[in-house]
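Asker: Below is the sequence, then the predicted model.
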Amino acid sequence: MRTPESIVISGVPASPGIAIGSVHLFEQEELHIGDRDISADLVEQEVERFKAGLVSTREEIEQIRETIRAELGDEQAKIFDAHLMILDDVTALEETMRAIREELKTAEFAYRRTLSRVAEEFDVAEDEHFRNTAADVRDVKRRVIRHLLGKPRPSLGNIEGQIVLVAHDLTPSEAAMLSKDVVLGIATDSGGRTSHAAIMARSRGIPAVVGLKYATLHIRQGDTVVVDGNRGKLDVNPSPDDLDEYARRQKQFLALENSLLVDRELPAVTPDGRQLELSANIEMPEEAELALARGARGIGLYRTEFFYMRSARLPEEDEQYEAYRKVAELVSPHPAIIRTVDVGGDKFASYLGTRRENNPFLGWRGIRFSLEREEIFKVQLRAIFRAGVSGNVKLMFPMISSLDELRQANALCKQAREELRSSGVPFGENCEIGIMVETPAAVLIADSLAREADFFSIGTNDLIQYTLAVDRGNEKIAHLYDPFHPAILRSIKTLVDAGHRQDIWVGVCGEMCGDPVSAVILLGLGLDEFSTSPYLLPEIKTVIRSVSFAEAKALAEKALRLSTAADVRSFVEERIVRKFPHVLFP
């Protein structure tokens, strides 16, 4: 008999909360299809069988889509609109028909081969949205083949009791069958924060960790596991003492969630009166509602790559405008800060002309792309300005590293406004235009940039990466990626001082302000705004409302005088944990 293996596996936090329970290991059914030829006289019959399979699949997808729309709303149901588009893809259908007619292949073999090739092309993409599309393609492929073979659809709806669901991946249709009454938590080998399993888990309030890579190889049916959706950990067969600690944290988290219903409208203000704007980072329009529910006072970073990564075509102006308008209306009168598209780096789309580069993070990305593709850039600018009629919209450029770039981008904004004005299209006349500060170059010319920008938002993720020359995705040097490095703290202080001298506000939209200890130091450095993941907002608001600005400022000033990252971290953690244990959740 196997001795339970105790192991902690790190992944991507996808849906907040802590789940403790027994594993239900879900494995997708393998549909075995042989390479069997048909006789020439059965070709048209096989074609008709294929068409009938497509019709049955369409009916099934439409039924699931309407069920999800009724339960979770239009935004979640759009996942299945994408499935219908895959089902109707002309190229895939023609290639399958050709294989049936010319190669005399069965419908299921021909369709599987065709869509497997398509999925493999998406698999190699670095961008998460493209990898999600590969999962969509495979979901449609399996669904069509199942109808062709007359196989029943596997169901997660027949699980008895309460379980923690562990799987290599969950297709959108499988995720759609999840019930919060049965599924306590979710853990998957694959996927990211925008994977379908993650979206469905958040929609239903189920704690989830995704991107665990090989978790299913370490887990057996019936193992006891803890899904820590706050920190992206899966603890397999923890000790009794650890289980007690998780249970305490679970209770604490649930109490915090309940108190949020009362506290979410309270301002992020320190006991001695220092007011901060506490905003949320979002990637998709539907996340804005979650952000407000968790206490955000607006959107501090709306990443717009979603429109470009989830489609094989350029998003139209009206399409973008509608999405921006909905977010602006929802969070009004609080700001919605929309960042212009930041493709390149780890985000590419071949139809935009962005390709893999030897040094992608030092390559054609962010504002560099936009300034060279003015026709694409101005479509987005017009959509953003138009949305300004419906709320407090602000616009932000990514990866500014020179005054010339800022001036060129501002000139294109002026052109976009003139085009709208001459066409009689209403738009927000007073839209503030700011920049993300992500490079050492921008820090060193902060005084010049502050004279021509309406605000700074510090992207600490890239600022740390570029300042310390540390690839944040490289596991071998991950220990060198340290937000407490003196160069980082001094850079942030430089930016705050430069902005305030020109009477512009300075915020942080990187992950640094989502950590309670870092948040205290950032507060003390004089930041005006924090924008972080919606899931972290309650904890950070509690920190701000519990720590006086005077004490935080004294800590920050001392930290600025220290010489090494280790010294800063040791000093900060010791002082903050000792002085403010009630605001630092384990």
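Answerer: Noted; the coordinates are in hand.
Asker: Packing partners of the helix or strand hosting Val118?
Answerer: In this assignment (DSSP states H and E), Val118 forms part of helix 107-123. Judged by 3 or more Cβ pairs under 8 Å, 6 or more residues apart in numbering; DSSP states H and E, helix 107-123 is in contact with helix 43-72, helix 90-102, helix 128-149. For glycine as for every other residue, the C-beta is placed from the backbone atoms N, C-alpha and C.
Asker: averaging pLDDT over each of these, which comes out lowest?
Answerer: Of all these, mean pLDDT reaches its minimum on helix 128-149 (a mean of 79).
Asker: Next secondary structure after it?
Answerer: strand 163-167.
Asker: For stretch 241-254, list every residue counted as buried.
Answerer: Within stretch 241-254, the residues that count as buried by 16 or more other Cβ atoms under 10 Å are 246, 249-250, 253.
Asker: any residues touching that stretch, and which ones?
Answerer: By Cβ atoms under 8 Å, 6 or more residues apart in numbering, the list of residues contacting stretch 241-254 from outside reads 16-20, 224, 226, 228, 230, 235, 238, 585-586.
Asker: For the helix holding Val118, give me every contacting residue.
Answerer: Looking at helix 107-123 with Cβ under 8 Å, 6+ apart, the contacting residues turn out to be 33-36, 46-47, 49-50, 53, 86, 92, 95-96, 99-100, 103, 105, 130-131, 133-134, 137-138, 140-141, 144-145, 148-149.
Asker: for the stretch 251-400 of the chain, what spans make up the strands?
Answerer: For the stretch 251-400 of the chain, applying DSSP state E, counting those that start in this stretch gives strands covering 268-269, 275-282, 299-303, 335-339, 392-397.
Asker: quick one: average confidence on the shortest one?
Answerer: Strand 268-269 shows a mean pLDDT of 96.
Asker: Does it pack against any helices or strands, and if so which?
Answerer: Applying 3+ Cβ pairs under 8 Å, 6+ apart, one finds that strand 268-269 makes contact with strand 275-282, helix 537-546.
Asker: mind putting these in JSON lines, mean neighbour count, mean pLDDT and distance to Arg365 included?
Answerer: Below are the helices and strands packed on strand 268-269 laid out as JSON lines (neighbours: other Cβ atoms under 10 Å; pLDDT from 0 to 100; distance: least, Cβ to Cβ, whole Å):
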{"stretch": "strand 275-282", "mean neighbour count": "23", "mean pLDDT": "94", "distance to Arg365": "18"}
{"stretch": "helix 537-546", "mean neighbour count": "22", "mean pLDDT": "87", "distance to Arg365": "28"}
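Asker: between these, which gets nearest to Pro207?
Answerer: Taking Cβ to Cβ, helix 537-546 is the member of these nearest to Pro207, at 15.0 Å.
Asker: could you check the angle strand 275-282 makes with the closest one?
Answerer: 170 degrees (axes from the mean of the first three to the mean of the last three Cα atoms, to 10 degrees).
Asker: circling back to that earlier point, just put the helices and strands packed on strand 268-269 in CSV and tack on distance to Arg65.
Answerer: Written out in CSV, the entries for the helices and strands packed on strand 268-269 read as follows (distance: least, Cβ to Cβ, whole Å):
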stretch, distance to Arg65
strand 275-282, 23
helix 537-546, 31
